[in-house]
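Peer 1: coordinates only, sequence not included:
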């Protein structure tokens, strides 16, 4: 998955509080510990979506704008 943050981390009308993309780091119990990536304008997050527990945290202020796409390929 490719996740592009279009806003966040700013000090103006684009300011966003919260909204991190969080990953479970304990695969036996993914809801216990999480690693979060906060939205920052222009940042790109690339990760394998299959079998990886992840979520979008609640946005507390502002509106989080993102662009998300999947990379699909086939070995030939």
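Peer 2: It's in. These figures come from a predicted structure and were not determined experimentally.
Peer 1: what residue ranges in this protein score low on pLDDT?
Peer 2: Residues of the chain meeting the criterion pLDDT under 70: 10, 12-14, 27, 30-31.
Peer 1: which ones are touching the residue nearest the centre of the chain?
Peer 2: By Cα atoms, centre = their mean, the chain has its centre lying nearest to residue 21, at 3.0 Å. With contact set as Cβ atoms under 8 Å, 6 or more residues apart in numbering, residue 21 has these partners: 3, 36, 37, 39, 45, 54, 55, 56, 57. Every residue, glycine included, has its C-beta placed from N, CA and C.
Peer 1: among those, which are in strands?
Peer 2: Using DSSP state E, 3, 36, 37, 45, 54, 55, 56 are the members of those that sit in strands.
Peer 1: run a quick neighbour tally on the second one.
Peer 2: Which is residue 36. For residue 36, the neighbour count with other Cβ atoms under 10 Å is 12.
Peer 1: and what of the fifth one?
Peer 2: Neighbour count of residue 54, defined by other Cβ under 10 Å: 17.
Peer 1: end-to-end on stretch 46-63?
Peer 2: Distance between the boundary residues of stretch 46-63 (Cα to Cα, to the nearest Å) amounts to 21 Å.
Peer 1: what about the strands in the chain?
Peer 2: Under DSSP E, the chain gives strands at 2-5, 17-18, 21-24, 34-37, 44-46, 54-56, 59-61, 66-69.
Peer 1: and the third one, which strands flank it?
Peer 2: Read that as strand 21-24. With DSSP bridges as the test, strand 21-24 is paired with strand 34-37 (antiparallel), strand 54-56 (antiparallel).
Peer 1: could I get those as a markdown table with distance to residue 71?
Peer 2: Putting these into a markdown table (distance: least, Cβ to Cβ, whole Å) gives the following:
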| stretch | distance to residue 71 |
| --- | --- |
| strand 34-37 | 18 |
| strand 54-56 | 16 |
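Peer 1: which one, of these, ends up nearest to residue 8?
Peer 2: Of all those, it is strand 34-37 that lies closest to residue 8, at 10.5 Å by Cβ to Cβ.
Peer 1: which residues touch the closest one?
Peer 2: 20, 21, 22, 23, 24, 25, 43, 45, 57.
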